[in-house]
Each structure stands twice: as structure tokens, then as C-alpha cells.
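# the sequence isn't on hand, but the structure is:
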């Protein structure tokens, strides 16, 4: 059972985060009672062989091109102060072993594990969390979102001693949101970043972006970058059995492989062939045409390769077809509304995706509980309604090629950029359906990291992309004017209004949970009415293929678990392991022509 100590009344002396001493009478909380989700049958050793569709443009965690890199291995899914149990969703220890609330609705104290180390062997201390603030506030990292967040959301990080610190927020927050805001903060290795030239005096090297482009910084995780062959491969290596995290019961029997080797294979079908030849251990089977049509070969029928379909309750982020309002014609609301109804997402899901995916109810995501706009419905495909909007925008004639034109001779034609070759049939379907409304999509595949760079620099007219999500949805990075018409931000629409700016600002600072959720609904409605994103689809599950020597716990999926196996840019909880004996057995059976029973595992405990 989950147990937390109660919070005693603080002394009458008011505390502020600037006071570098520990208040008396704090009651410290921890949680060592939730169930483990790894398996005590796990075995250490072996190399996981996976692949990347493109080599990352950088190993930096922030700044230009970092979204398209391997950031998840160096930032998103590495230890922070505390973390959520992926099934109970209770808080559990991470780098911090205990935590206490100050009672001011702004400040949380943390006691750090004195044995915590960077994966280069240096100790992690409160200094690294203080430096985190310096790092993220620096203009030299060229990361406006982080500059803003660590200035206007995170107020201060104060060292009490080497292993005790206080983190405070700018605005008051309810206890749950306060922990969601500060609990997952990751330290930055102060010893790693040389100061160099610092003309603006913000504590960071002026040449950070170039200097650290391919310098992998140390993290608190058990894996460090071992080998890099630019354009070809990258290998992560485990620090060993004495990794500090194994003191924590929630980390035991995880991160079991000695190495993770990424090989760049740009073509997904070629990568699948490598997988089926035994050159890769795991492979994504998300695509319906792959799962339903291409997993009936010999390696599957003879049971050498197994299939896994696991459901989860992971929040789904913003995404779909983003319309860049700064581009010609797309500033016209009638053009945008016409595009909304000329884009046949529902038909795409039914005909090409076989109904495996679900339609996203609105542009900004789903699965966020009471933050989600209940009853939201995405725009339906309706060619006649689309035509009526295009006509209002002046496109009341049709050319010889079936594309609508206005009295200036301009064609209703837009470039549609997308990042994966496997999406080409989907984009082709949308193109054909759009023709029914006299709309022309000029398809442009820019795959891998280059594609995301193209979109983040706002060079696109239309871009099909889906983003990640947080438990409490955020809107500032996508729809605030601070990020519009600027490269390397996530406002892919270049859309903002004073009204929306005001609501987003209120939302970020609202203490009352009910009011905050109501603000979220209002923001979602405004964005939907603005017709700047055609909502796409959600996947509340993952599908993967794996060779039978890949093993995992009896209950493989957790509520907040994206993928069972590490594949490409997906890190995950790393509860899997390689069984060397089963691998020998399998390879021997293949040599001898022996078959096993075909296996498809479906874990639907969290199916909605």
C-alpha cells in the first residue's frame, strides 16, 4: 500500500526560496511501497541492436535541431528529482530519495541520494541543479522555450547543502501540479560545460551550439555514448552493475543490456528486412500494412520472431496537418476552414489504416483527463462545405486541371511536407480526396531530422507532424505570440492572437485546478475555431516485433508506458532483457530447420 508521512505545520517564520537553510519541522515524504514493474527473472548482458531512420543532427539536448536528435536518451527519459510510478502514478524516488512541501504552494525541498553519480563517474550534487537554472536561462543555448520556462515558471533553485535543495515556482500551484512542475527536473553537469567566452555574462559559453553539437553530455542514466560513426551508427554502453540507480528498488532489473547499438537504415522496408534476417533484435510494427500484411513470413510462422501489441493510457499530444498562417493565402480563415473540410482524415483512418487508429478529437491532443475538452469533435470531410469556404475567399472558378483559382490567377495549391516515407500512401490519399474540393496538395517528403528542421524553421506551408504530450497540456510553445514567426520554436502555425496570449498566460499561472481546466477548454476551442491544425489520429498502444530471445515481465505494459522495447528514438522503461540461452536455442533451431509455435502477445489490460 502507498504510504506517505503527513506534513506537519511549519514554524511561524515565513520561508522564501532565497534562504539557504532548512526550515524546522519539515516532515519528509517518500514512497518505497508501490509494486515493482520489472522482473526478478531479468538477466544482464548482451547488445540490443536497433536502428535509426536518420543520423541525428546533434547530440545536444536543447537548441537548434535537438528535437530531432536522441534527446530522449539524454534528457526526456533519464532520472530527475522524482518520477511517477508508471502504473499507480504515485510519486517515487529518483535522484531525490525524499521530498517535503514548504506550505507556500511554491516550494518543494528535496534530499538527494548521496551516491548518485553522472555516468562519467562524477558525483551529482545540489550544485548541478543550481547550474541547471543557469544553463536553461542562458540565451547562448538558443532555446526560447527553455529560457521562458526556467524564468517564468521555475523561480529559483537553492542549495541547502551538497545533497539538499529547494526548488520554487513563480506562481502558486496546487500540490499535484507543483510536483509535476518541479519533480521531474533534471540536473545539468556543471563540471562538463566549460565557460569559455561569456560576453553576455549569463554563465554559459557563447559558442555553446557549435561547441557541443556532437559532445554527448553526461547524464544520470546507466548508459553513456561509447562510439559514434557519423552518418552510420551510434552505440550506448552501460556503466556496469554498480550503477547508483540500482540501490532504488524501482530501478532494479531494468536497463539490462550492456549496449544499445543504433544503425542508420533510412528505408523502413529495408530495416524490416534486416530485422527479419536477424540483424536487428526489435522492430516497430505500428503501420497497419506491416502488422496485417507483412508479418506472415517464415520467421513469424516458425516462431522465431514474435509479435506484441500492448495498450496504454499515455496522453496524446498536439498534431495533424499544421497550417503556416505566415505563408501566402493561409492567413485567410476561409482558406483554412476549407482545408479543414477538404482533408479526409476519417477516410484515411478507415481505408488506409484499417481503423487501427482513432481520430484525435481536436488539434491539441487527448488523454489529459479533465483538461481535455469533453465532447470535442474534429472537422468532418465535406467537399461541398470546403468549396463554399474557398468561394468566400475568392476562389470561385475551377481551372482545367480541376484546381480552384481566383481572379488573380492564383491556384489553390499548397506544398504539404511530411517526415516519413511510410506516410506517402496516406498523403497521396489526402491529396486525391482534396481534389474533390478543388484543392491541390503538392506532396514533399523531407524525412528524418532534416524534415523536422524544415518545419521548425517555418519553411513549410502545410506540415503533417504529431508531437509528444505531458500530463498537464501546454499551449505556450505552440500558440503564443512569443514563439510565432521565429525559427526553432514549436509554433508551427505562426499563429497567435492577443486573446489567446492572455488566456495562455492565465492558464500557466492559474492555481485553482477547476479554473485551469476550464481555461484549457477555452484555449482548445479557440484553436479549433481558428482552423490552424487539422486534427489527425491517436495510437493508445504500441506494436512491435521481436526475436524470441527478447524477454520481458509477466505484465509487460504499464499505464504510462509508450513502448515495451527500445526502438530507434524510443527509450522507454527498459524492463526487457536478452536471454543468451534462448538465443543459442533459436539460432540452432534455425540451422536445423526446427520450428516453434507462432506467437502474438496482446496486452489489453489498459485498452480504453
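On my side now, so go ahead. Bear in mind that the values here come from a model prediction, so they are computed numbers and not experimental data.
# my read: residue 252 touches residue 36, true?
Yes: using Cβ atoms under 8 Å, residue 252 makes contact with residue 36 at a distance of 7.0 Å. The way it works is simple: take the backbone N, C-alpha and C, and place the C-beta from them, glycine included.
# secondary structure element holding residue 257?
Of the helices and strands defined by DSSP states H and E, none includes residue 257.
# tell me who's in contact with it.
44-48, 238, 576-578 (Cβ atoms under 8 Å, 6 or more residues apart in numbering).
# and what of residue 556?
Going by Cβ under 8 Å, 6+ apart, residue 556 touches 308, 310, 564, 575, 601, 603.
# which parts of the stretch 501-608 of the chain are helices?
For the stretch 501-608 of the chain, the helices defined by DSSP state H, counting those that start in this stretch occupy 513-530, 580-592.
# spatially speaking, which residue is in the middle of the chain?
residue 468 (3.8 Å; Cα atoms, centre = their mean).
# residues near the nearest residue to that residue once chain neighbours are set aside, how many?
Of all residues not flanking residue 468 in the chain, residue 317 sits nearest, at 4.8 Å (Cβ to Cβ, 6 or more residues apart in numbering). Neighbourhood size, residue 317 [other Cβ atoms under 10 Å]: 20.
# rewinding a little: which of the helices of the stretch 501-608 of the chain sits closest to residue 266?
Of all these, helix 580-592 sits nearest to residue 266, with 27.6 Å by Cβ to Cβ.
# tell me the buried residues in the closest one?
583, 586, 589 (16 or more other Cβ atoms under 10 Å).
# what does it contact?
Taking Cβ under 8 Å, 6+ apart as the rule, helix 580-592 contacts 43, 45-46, 278, 302, 304, 547-549, 551, 594-596.
# secondary structure class for the residue nearest to residue 407 when sequence neighbours are not counted?
Using Cβ to Cβ, 6+ apart and skipping the chain neighbours, the partner closest in space to residue 407 is residue 394 (6.6 Å). Of the three states, residue 394 takes coil under DSSP: H, G, I helix; E, B strand; the rest coil.
# got it, and residue 313?
Residue 313 ends up coil, using three-state DSSP.
# for the nearest residue to it once chain neighbours are set aside, give me the pLDDT.
Distances taken as Cβ to Cβ, 6+ apart place residue 559 nearest to residue 313, at 4.4 Å, with adjacent residues excluded. Residue 559 is assigned 95 on the pLDDT scale.
# how close does residue 559 sit to residue 85?
Going from residue 559 to residue 85 by Cβ to Cβ, to the nearest Å gives 9 Å.
# out of these two, which sits in the busier spot?
residue 85 (19 against 16).
# mind listing residues that contact the helix or strand harbouring residue 434?
Element membership for residue 434, per DSSP H and E: helix 424-434. Outside of helix 424-434, the residues within contact range by Cβ under 8 Å, 6+ apart are 289, 321, 342-345, 347-348, 351-353, 381, 383, 416, 418, 440-441, 443, 445, 464.
# cool, and stretch 479-488?
Here stretch 479-488 has contacts from 63-65, 142-145, 148, 326, 456-458, 476-477, 489-491, 493-498, 500-501, 504, 523, 527, using Cβ under 8 Å, 6+ apart.
# re the thing from before, and the contacts of residue 257, which is closest to residue 207?
Set against residue 207, the nearest of the contacts of residue 257 by Cβ to Cβ is residue 238 (32.0 Å).
# give me the phi and psi for that closest one.
Main-chain dihedrals, residue 238, degrees, to the nearest 10: phi -80, psi 140.
# my read: it touches residue 258, true?
Yes: between residue 238 and residue 258 a contact is recorded at 5.0 Å, counting by Cβ under 8 Å.
# neighbour count for those two, which is higher?
residue 238 (20 against 16).
# Provide a list of residues in contact with that one.
Contacts of residue 238 by Cβ under 8 Å, 6+ apart are 222-223, 255, 257-259.
# same check, this time on residue 397
Residue 397 makes contact with 404-407, according to Cβ under 8 Å, 6+ apart.
# run the last query once more with 10 Å
For residue 397, the contacting residues are 391, 403-407, 409, 438, by Cβ atoms under 10 Å, 6 or more residues apart in numbering.
# tell me which of these fall in helices.
If you go by DSSP state H, these have residue 391 in helices.
# which one among the contacts of residue 397 gets closest to residue 272?
Using Cβ to Cβ, these come closest to residue 272 at residue 403, 36.7 Å.
# and the strands in the stretch 151-300 of the chain?
154-161, 164-169, 223-229, 233-238, 259-264, 282-284 (DSSP state E, counting those that start in this stretch).
# quick one on the thing from earlier: top of the contacts of residue 556 by neighbour count?
Result: residue 564 is most packed of these (other Cβ under 10 Å), 29 neighbours.
# that one - nearest residue in space that isn't next to it in sequence?
Here the residue nearest residue 564, using Cβ to Cβ, 6+ apart, is residue 556, at 5.2 Å.
# for residue 194, same thing?
Once flanking residues are discounted, residue 194 sits nearest to residue 205: 6.3 Å by Cβ to Cβ, 6+ apart.
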